[in-house]
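Colleague: could you look at this predicted model? Sequence included:
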Amino acid sequence: MVMFFFLVIALAVVVAAVTLAVVGGGDGTGPLPEVAPERLRDPLPPDRPVDRSDVDRLRFPLAARGYRMADVDDALDRLGAELAERDARIGELESALSAARTPEPHVSMDKPAREEQQ
């Protein structure tokens, strides 16, 4: 019987503490102020090409379900565009190098000898 009274009193104390914390808590200033969502602190540099250290430093802020999709999409779009630009430039340089390595056919401007004409 004593245990029953102890549990009822403990339950009443817990309910009262939770009620006071929820209803009477705070300093009366109202609800919490809105907080701006956390943004990407160190975005990729807009004024120069991205290098390895930029990618290593890239850290995305956490959101409710992982990372902010807009930040990740922006970073991936930027990296994809720069990779495509570099691939195109590499292709141009490789074709110029192969054209420079192949010898041009020798075209003679001399008149053929008489023996070759017959």
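Modeller: It's in. From a predicted model like this one, the values you see are computed outputs, not experimental measurements.
Colleague: what helix or strand does Glu82 sit in?
Modeller: Element membership for Glu82 (DSSP states H and E) is helix 69-101.
Colleague: low-confidence stretches in the chain?
Modeller: 24-32, 35, 37, 40, 42, 107, 112-118 (pLDDT under 70).
Colleague: in it, which spans are helices?
Modeller: 2-23, 52-57, 69-101, 114-117 (DSSP state H).
Colleague: dump those to a markdown table, plus distance to Pro46 and mean neighbour count.
Modeller: For every residue, glycine as well, the C-beta is placed using N, CA and C. Formatted as a markdown table, the helices of the chain follow (distance: least, CB to CB, whole Å; neighbours: other CB atoms under 10 Å):
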| stretch | distance to Pro46 | mean neighbour count |
| --- | --- | --- |
| helix 2-23 | 47 | 9 |
| helix 52-57 | 11 | 10 |
| helix 69-101 | 9 | 11 |
| helix 114-117 | 66 | 7 |
